[in-house]
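> take this sequence and fold it.
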Amino acid sequence: MQRTIQFVLNHPFTKGHRLISLARLFKWQLLSRLRKQPVVHQFTKNSKLWVWKGLTGATGNIYCGLHDFEDMAFLLHLLRPNDLFIDIGANIGSYTMLASAEAGAKTIAVEPIPQTFENLTKNITLNNIGNRVTALNIGMGSKKDVLKFTKIHDTGNHVATNGDAETIGVNVDTIDNILEGKTPLLLKIDVEGFETEVLNGAANTLTSPGLKAIIIELNGAGNNFGFDEDNIHKLLLSHGFKVVGYLPFQRVLADATRKTEHNTLYIKDEAFITDRLKSAGRFYVQGRPL
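Residues are numbered from 1 along each chain as shown. Prediction:
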């Protein structure tokens, strides 16, 4: 609980609203213990999420509006209707709901764990965006394969290593294959250390001029598979991407370095990105404009 409180107090969107955010936290903690059924949370003005006790992929959004504030706000300000967003490691679909229910973009959402995939599809149905979202219950890698995944770690499920128990076999494909020649504007990859193999299956996508931004988690988990994540950084730089930060309230990019915790934001074609961010309409989170 102490860690969660610190997360709420330090979150950029709670500045000036910390008491309200803490009240949301304690209210949720109380009500989630009393309620045994999932409830619908109004995520943004035009998007909703099914939530319940212990669902870590959603509860940060309840407390702080947008759990991954910088990255989620970047997505909202960047995407337009008919853009294509690829959500690799979609979990319950927080990013997918923002992209397709709020921003109106098309999404390919990939989630390998069957139970989590079921929750993803429930959120797609809740938001009535089945015409904009293609949901795939597969994993991503460097080739078509069947790999074992863990299934008991919620947002931390991953390709299994030798020490993992309670695993499940999952069909795996590549980003290039599932795109079938289409090009995403924005690619998000959160696969708990397997990012190297996912990018090895995206050679064509990475060279496409239409891919303007990548949100990727490089937190050292690749070491579990023998991968050096510095090589991912070098690969993306070689394709013309650079690391930036994003200041959502000002809608400006900032100089940044690769993060070793949480997500890193890579972009190319800065002029295009800057114009998109500046010209986006307003979005409303917890009733506040962004």
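
> need the contact partners of stretch 233-247.
By C-beta atoms under 8 Å, 6 or more residues apart in numbering, the residues outside stretch 233-247 that reach it are 70-71, 73-74, 199, 206-207, 214, 216, 218, 252-258, 264-268, 270, 277. C-beta here means a position set from N, CA and C on the backbone, and glycine is covered the same way.

> looking at the residues you listed, which are in helices?
Among those, the members falling in helices (DSSP state H) are 70, 71, 73, 74, 199, 206, 207, 270, 277.

> just the buried members of those residues?
Buried by 16 or more other C-beta atoms under 10 Å: 70, 71, 73, 74, 199, 206, 277, out of these.

> can you put these in CSV and add pLDDT and distance to residue 248?
Listed next are these as CSV, based on pLDDT from 0 to 100; distance: C-beta to C-beta, whole Å:
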residue, pLDDT, distance to residue 248
70, 97, 7
71, 97, 10
73, 98, 4
74, 98, 7
199, 97, 27
206, 97, 26
277, 98, 9
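
> redo the residues you listed as a markdown table? Include distance to residue 141.
What follows is those, written out as a markdown table (distance: C-beta to C-beta, whole Å):
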| residue | distance to residue 141 |
| --- | --- |
| 70 | 28 |
| 71 | 23 |
| 73 | 30 |
| 74 | 26 |
| 199 | 10 |
| 206 | 15 |
| 277 | 32 |
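
> which among these gets closest to residue 42?
Of all these, residue 42 sits closest to residue 73, with 17.4 Å by C-beta to C-beta.

> wait, the closest one touches residue 67, no?
No. Using C-beta atoms under 8 Å, residue 73 makes no contact with residue 67, being 11.2 Å away.

> could you find the closest non-adjacent residue to residue 116?
If the residues on either side of it in the chain are set aside, residue 116 comes closest to residue 91, at 5.9 Å by C-beta to C-beta, 6 or more residues apart in numbering.

> SS state for the nearest residue to residue 119 once chain neighbours are set aside?
Nearest non-adjacent residue to residue 119, counting by C-beta to C-beta, 6+ apart: residue 92, 4.6 Å away. Using DSSP: H, G, I helix; E, B strand; the rest coil, the structure places residue 92 in coil.

> tell me the contacts of residue 92?
Contacts for residue 92 (C-beta under 8 Å, 6+ apart) come out as 49, 50, 55, 57, 58, 116, 119, 120, 123.

> I'd say the last one and residue 49 touch.
Yes. Between residue 123 and residue 49 there is a contact at 5.8 Å, judged by C-beta under 8 Å.

> before we move on, the earlier item: distance check, the residue nearest to residue 116 against residue 68.
To residue 68, residue 91 is 12 Å away according to C-beta to C-beta, to the nearest Å.

> so for the two, which sits in the more crowded spot?
Higher neighbour count among residue 91 and residue 68: residue 91, with 24 against 20, using other C-beta atoms under 10 Å.

> tally up the residues packed near residue 12, please.
So residue 12, with other C-beta under 10 Å, has 14 neighbours.

> next, the buried residues of the lengthiest helix in the chain.
As assigned by DSSP H, the longest helix anywhere in the chain is helix 18-34. Residues 21, 24, 25, 28, 32 are the ones in helix 18-34 that count as buried (16+ other C-beta under 10 Å).

> got the confidence number for the last one?
As summarised for this prediction, residue 32 has a pLDDT of 83.

> any idea how far residue 53 is from it?
4 Å.

> tally up the residues packed near residue 116, please.
Residues near residue 116, counting by other C-beta under 10 Å: 21.

> name the element it belongs to?
Assignment of secondary structure by DSSP states H and E places residue 116 within helix 114-126.

> could you name the helices and strands sitting against that helix?
The elements that helix 114-126 packs onto, with contact taken as 3 or more C-beta pairs under 8 Å, 6 or more residues apart in numbering; DSSP states H and E, are strand 47-51, helix 94-97, strand 133-136.
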